[in-house]
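Trainee: Just to be clear, the model below is a prediction. Sequence and coordinates:
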2 protein chains.
Amino acid sequence: MKHSYDYLFRFTTDILVKMGFTPEDSAQCAKVFLAAEVRGFATHGVIRLGDYYKLWEAGRINTKPNVRIVHQTPSTAVVDGDSTIGMIPAKFSMELAIKKAREVGTGWVATRNSCNFGISGYYAMMALEYDMIGITMTNASPLVAPTFSAEAMLGTNPIAIAIPAKNQPPFVADFATTPINRGKFTIAAKKSENIGFGFAQDKNGAPSDDPAILEQGGSMLPLGGDRAHGSHKGYSLGAIVDIFSAVFSGANFGPFVPPMVSYLPVLDKKVGDGLGHFFGAMRIDAFQEADHFKSMMDVWIETFRNAKPAEGQERVLIPGDPERESEARIMAEGIQLIPQVEVDLKQIADRFGLSFG
Amino acid sequence: MKHSYDYLFRFTTDILVKMGFTPEDSAQCAKVFLAAEVRGFATHGVIRLGDYYKLWEAGRINTKPNVRIVHQTPSTAVVDGDSTIGMIPAKFSMELAIKKAREVGTGWVATRNSCNFGISGYYAMMALEYDMIGITMTNASPLVAPTFSAEAMLGTNPIAIAIPAKNQPPFVADFATTPINRGKFTIAAKKSENIGFGFAQDKNGAPSDDPAILEQGGSMLPLGGDRAHGSHKGYSLGAIVDIFSAVFSGANFGPFVPPMVSYLPVLDKKVGDGLGHFFGAMRIDAFQEADHFKSMMDVWIETFRNAKPAEGQERVLIPGDPERESEARIMAEGIQLIPQVEVDLKQIADRFGLSFG
């Protein structure tokens, strides 16, 4: 069954209000959930309401947070998310980065005591309307093994960067530092397909194509796959995201990140508060006159879009193209949820005396 | 034949002085060449003196540059390298980023009108002694095809990030945004070996394991290798490095970067000046009290170093470990050059009435 954006937006908002969030916070979170749905990241969309519901039920989410700055300089800050849902401190932190960029050219905010914030790209793109470049990183549940290791130590730790252009749509890269994201495992498992090689290993570090391997002590591989093909670079990227998000902010890092997935244990040992994010905003005119920069971005984008396709390929894409095309299509056609998500949402709705579907 | 660090340092300095650089600039450049030799990046070491010699002979390198700030805000600047050898504006720019970080928490400098600056890690590591994180990026000769493309549009565009610890050595990631760097092709060709698959494609975009393919219109693949394994993420990273280094600064980007390799044509079309770099410095205590941050980095490093090795592997490495071990070994044993480099250096020495060997 397909749903309209507006229907799912209102439903998600209503659920969050029922949990105890303010209407404003609830609407903000719903916007991020829905951005994931329409931009082709259904793995980060309303499917996750169930995860947050479980965290909320377990008392791990503060619905009346006091999100606040705990340290700052003219170009930096650390924000404490007060154990709430990630979207709330994430929006606060990105707005703070943008404010600092307005004042001194760039702004950088590390955020602790948060949890999953949805899609990284949402926050990076907040900078675009101010003629700024936006940057977002976050750490996540430990599922990825460093090169040469059999142990899951890092999250899929995404990086998002949004760069404005003039007549062209913006350049928006938003990607996990692993070859595929965790959701692809779930989908392959639901379809009883294997995932192919180069993505995961078993608990001893031997290659595996089993989508259920993560639930059996296995781990995901970093971008690059193996050492010969540069997995130490994917490992480095994941590590940098972890350090910027959590050591800068005072959150839990690496294997100590509180897991969002039920098959990973919640550790007793803590090295910080909650999980961590990192946000950056860079005013374009801190470097080049904004109109000139955006015109040159048009040239950059047109140059790459016109690169010669490889044999058998139709065209060369710019980061952000697939998500923009997905958004146009899904806003027109509606949002298709998989049957299990329909069931899950109906259960949550029932719990709160709401209807769904 | 092996050479001592001091011998090659003096030789390199002398050659650069003979080209017309000041003794101070020459020594600075020599330091970066030698850092590459000892840190295990011989592909960026004195082997490249021949490339610079050719650029100098062609009048493409200004030995008496007026490196200068052309635009700035409290946390940012654009530097013009005045067509000199990359090491000179790179050091100037990183020092400027550090100065700005001291004043407002972070400093970000985009540099244009430069050329190859050696190893990125050298400049990122300059921040460490100030209790700062250092970041370096640069664009480079167009050799890498975007995902789905048969055309080389990007350089191997490296990223380096150096993060200080307390009792542990620093975390230093320094990597091309491709599975392997360009030097590996040269070495495989010299040994008449193939390079394996996942690294390059022919001029139509078909997989190739021929190390000479780049000279036949082929191209390197981005980190990830193919689309299924995340090459669009490697492409995004290379693109971000290109935009930060060149669109922020006003340098040439993408396929317009003036090539350092003789088999690529020098294009008539320019979209900026020279090639571009990007430098960042972030004061640790702009986020966390420095001693606390460095202690937590010790915990991070120890945690990852103690991760369970995969079967058949001895240990898990921290970014920077291999380079540090290489440095200790090579400083003790001396620098082994390959015979062709010995011949090249002797020729350059002869040209300037110097001796070598």
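Mentor: Received it, and whenever you're ready, just let me know what you need.
Trainee: So what's the residue count around the residue of the stretch 151-300 of chain A found nearest chain B?
Mentor: Taking CB to the nearest CB as the measure, the point where the stretch 151-300 of chain A comes nearest chain B is A:Gly205, at 2.5 Å. Glycine gets a C-beta too; all of them are placed from N, C-alpha and C. A count of nearby residues for A:Gly205, using other CB atoms under 10 Å in any protein chain shown, gives 21.
Trainee: What does it show for phi and psi?
Mentor: The phi and psi torsions at A:Gly205 (degrees, to the nearest 10) take the values phi 100, psi 10.
Trainee: cool, and A:Ile163?
Mentor: phi -130, psi 120.
Trainee: quick one: it and A:Pro169 touch, right?
Mentor: No - the pair A:Ile163 / A:Pro169 is not scored as a contact, 10.7 Å apart, by CB atoms under 8 Å.
Trainee: rewinding a little: quick one, grab the pLDDT at the residue of the stretch 151-300 of chain A closest to chain B.
Mentor: The confidence metric pLDDT takes the value 97 at A:Gly205.
Trainee: if we can go back for a sec, what about A:Ile163 and A:Pro169, which has more around it?
Mentor: More neighbours surround A:Ile163 than the other of A:Ile163 and A:Pro169, with 30 against 14 (other CB under 10 Å).
Trainee: Just list the residues touching that one, thanks.
Mentor: A:Ile163 makes contact with A:133, A:170-172, A:297, B:240, B:243, according to CB atoms under 8 Å, 6 or more residues apart in numbering or on different chains.
Trainee: which of those has the most neighbours?
Mentor: Comparing those on neighbour count, A:Ile133 comes out first with 29 neighbours (neighbours: other CB under 10 Å).
Trainee: Just say helix, strand or coil for that one.
Mentor: Classification of A:Ile133 using DSSP: H, G, I helix; E, B strand; the rest coil returns strand.
Trainee: Tell me what it is bridged to.
Mentor: A:Met282 (DSSP bridges).
Trainee: how far away is A:Asp321 from B:Trp56?
Mentor: Using CB to CB, to the nearest Å, we find A:Asp321 at a distance of 42 Å from B:Trp56.
Trainee: returning to what we had before: which non-adjacent residue is nearest the residue of the stretch 151-300 of chain A closest to chain B?
Mentor: B:Ala310 (2.5 Å; CB to CB, 6 or more residues apart in numbering or on different chains).
Trainee: so where do the strands sit in chain A?
Mentor: A:2-3, A:68-73, A:76-80, A:106-114, A:132-138, A:159-163, A:171-175, A:200-201, A:207-208, A:219-220, A:275-283, A:335-336 (DSSP state E).
Trainee: chain center to stretch A:266-280: distance?
Mentor: Once both centres are worked out by CA atoms, centre = their mean, to the nearest Å, stretch A:266-280 turns out to sit 15 Å from its chain's centre.
Trainee: Repeat that for stretch A:83-97.
Mentor: Using CA atoms, centre = their mean, the distance between the centre of stretch A:83-97 and that of its chain works out at 13 Å.
Trainee: Quick check: nearest residue in space to A:Ala63, chain neighbours excluded?
Mentor: Slight slip there: residue A:63 is Thr, not Ala. In space, A:Thr63 is closest to A:Gly20, 3.6 Å off (CB to CB, 6+ apart).
Trainee: Run a quick neighbour tally on that neighbour.
Mentor: A:Gly20 has 13 nearby residues by other CB under 10 Å.
Trainee: doesn't A:Asn62 make contact with it?
Mentor: No - under the criterion of CB under 8 Å, A:Gly20 makes no contact with A:Asn62, lying 9.2 Å away.
Trainee: Need the pLDDT of whichever residue of the stretch 251-357 of chain A sits closest to chain B.
Mentor: With CB to the nearest CB, the shortest gap between the stretch 251-357 of chain A and chain B falls at A:Ala310, namely 2.5 Å. The pLDDT attached to A:Ala310 in the predicted structure is 98.
Trainee: hang on, isn't it packed against B:Pro146?
Mentor: No - taking contacts as CB under 8 Å, A:Ala310 lies outside contact range of B:Pro146: 9.5 Å.
Trainee: Show me which of those two is the more surrounded one.
Mentor: When A:Ala310 and B:Pro146 are compared for neighbours, B:Pro146 comes out ahead with 30 against 22, by other CB under 10 Å.
Trainee: Contacts only, for the residue nearest to the more buried one when sequence neighbours are not counted.
Mentor: With CB to CB, 6+ apart as the measure, B:Tyr235 is the residue that lies nearest to B:Pro146, at 4.7 Å, once sequence neighbours are left out. Residues touching B:Tyr235, when contacts are defined by CB under 8 Å, 6+ apart, comprise A:319, B:146-147, B:154, B:222, B:224.
Trainee: same thing but 6 Å
Mentor: For B:Tyr235, the contacting residues are B:146-147, B:222, taking CB atoms under 6 Å, 6 or more residues apart in numbering or on different chains as the criterion.
Trainee: With respect to A:Gly45, which of these is nearest?
Mentor: B:Thr147 (24.7 Å; CB to CB).
Trainee: Is the closest one in contact with B:His229, as I believe?
Mentor: No - the pair B:Thr147 and B:His229 fails to qualify as a contact (CB atoms under 6 Å) at a distance of 10.6 Å.
Trainee: Would you map the helices across chain A?
Mentor: For chain A, the helices identified by DSSP state H occupy A:5-19, A:23-38, A:49-57, A:87-104, A:120-126, A:182-190, A:231-242, A:290-305, A:321-333, A:339-351, in order along the chain.
Trainee: which other residues reach the fifth one?
Mentor: Think helix A:120-126. Contacts with helix A:120-126, where a contact means CB under 6 Å, 6+ apart, come from A:32, A:35, A:90, A:94, A:134-136, A:158, A:160-162, A:172, A:174.
Trainee: What separation do you get for the closest residue to A:Arg351 other than its chain neighbours and A:Met137?
Mentor: The shortest distance from A:Arg351 to any residue that is not its chain neighbour, by CB to CB, 6+ apart, is 7.8 Å, and that residue is A:Tyr53. Using CB to CB, we find A:Tyr53 at a distance of 26 Å from A:Met137.
Trainee: which of the residues in the worst-scoring helix or strand of chain A on mean pLDDT are buried?
Mentor: Of all the helices and strands that make up chain A, helix A:182-190 has the lowest average by mean pLDDT, DSSP states H and E, namely a mean of 84. Neighbour-count burial for helix A:182-190, with 16 or more other CB atoms under 10 Å in any protein chain shown as criterion, is recorded at A:182-186, A:188-189.
Trainee: And for stretch A:50-68?
Mentor: Within stretch A:50-68, the residues that qualify as buried are A:50, A:52-53, A:55-56, A:61-63, A:65, A:67, counting by 16+ other CB under 10 Å.
Trainee: cool, stretch A:284-297 as well?
Mentor: With the criterion 16+ other CB under 10 Å, stretch A:284-297 contains buried residues A:284-288, A:290, A:293-297.
Trainee: Redo those residues as a markdown table? Include pLDDT and distance to A:Gly218.
Mentor: Shown next, in a markdown table, are the buried residues of stretch A:284-297 (pLDDT from 0 to 100; distance: CB to CB, whole Å):
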| residue | pLDDT | distance to A:Gly218 |
| --- | --- | --- |
| A:Ile284 | 98 | 43 |
| A:Asp285 | 98 | 48 |
| A:Ala286 | 98 | 45 |
| A:Phe287 | 98 | 44 |
| A:Gln288 | 97 | 47 |
| A:Ala290 | 97 | 48 |
| A:Phe293 | 98 | 45 |
| A:Lys294 | 98 | 45 |
| A:Ser295 | 98 | 48 |
| A:Met296 | 98 | 45 |
| A:Met297 | 98 | 41 |
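Trainee: As TSV, those with distance to chain B would be great.
Mentor: Shown next, in TSV, are the buried residues of stretch A:284-297 (distance: CB to the nearest CB, whole Å):
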residue	distance to chain B
A:Ile284	8
A:Asp285	8
A:Ala286	4
A:Phe287	4
A:Gln288	6
A:Ala290	12
A:Phe293	6
A:Lys294	10
A:Ser295	10
A:Met296	5
A:Met297	6
